[in-house]
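> Requesting a structural model of the entry that follows:
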Amino acid sequence: MKQMIPIEYRDFYDVPRMFLVSQGDQAYLFDCPFDKGQDEHPDHYTVYLMPMLTAADRAGSWLELRFRAISEIGTLPIGAVSKI
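Model (predicted):
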């Protein structure tokens, strides 16, 4: 059985292109920025382990949020993330 976890997202084009997931004391950023060189979005998210973010951290622009990551975990195909 799949577990549904709520997300908080920014930047939407066909699918959320950047979103945060918090579970327990862990937070993860899924990022899929537009690639100007390829003139398209990649087919995967880059996943980052994040420090816990305050409401103020989440209120502004998220463009630089990945630079606050504790570590880069890896990538995940967009198709592996489902919606309700």
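> Can you report how many residues lie near the closest residue to residue 27 other than its chain neighbours?
Distances taken as CB to CB, 6 or more residues apart in numbering place residue 50 nearest to residue 27, at 4.2 Å, with adjacent residues excluded. Every residue, glycine included, has its C-beta placed from N, CA and C. Residue 50 is flanked by 20 other residues according to other CB atoms under 10 Å.
> How far does the longest strand seen in the chain sit from its chain's centre?
Ordering each strand of the chain by length in residues (DSSP state E) puts strand 15-23 first. With CA atoms, centre = their mean, to the nearest Å as the basis, strand 15-23 stands 4 Å off its chain's centre.
> Check stretch 9-17 too.
Worked out by CA atoms, centre = their mean, stretch 9-17 lies 9 Å from the chain centre.
> Flag every buried residue along it.
Using 16 or more other CB atoms under 10 Å as the burial criterion, the residues of stretch 9-17 that qualify are 11, 16, 17.
> Minimum pLDDT in the residues you listed, which residue is that?
In terms of pLDDT, residue 11 ranks lowest among the buried residues of stretch 9-17, with 74.
> Now name the helix or strand holding it.
Per DSSP states H and E: residue 11 is located in strand 8-13.
> Show me what that strand is packed up against.
The helices and strands touching strand 8-13, judged by 3 or more CB pairs under 8 Å, 6 or more residues apart in numbering; DSSP states H and E, are strand 15-23.
> List of residues touching the strand it packs on?
With CB atoms under 8 Å, 6 or more residues apart in numbering as the test, strand 15-23 has contacts from 5-11, 27-34, 41, 50, 52-53, 58, 62, 65, 78, 81.
> Excluding sequence neighbours, find me the nearest residue to residue 77.
residue 44 (5.2 Å).
> Just the CA atoms of the strand holding residue 11, as CSV, please.
In CSV, the C-alpha atoms belonging to strand 8-13 read as follows (Å, rounded to 0.1, in the frame of the first residue of the first chain):
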residue,chain,number,x,y,z
GLU,A,8,4.4,22.0,-0.2
TYR,A,9,5.3,23.0,-3.7
ARG,A,10,6.5,25.9,-5.9
ASP,A,11,6.9,26.1,-9.6
PHE,A,12,4.4,24.0,-11.5
TYR,A,13,4.6,23.0,-15.1
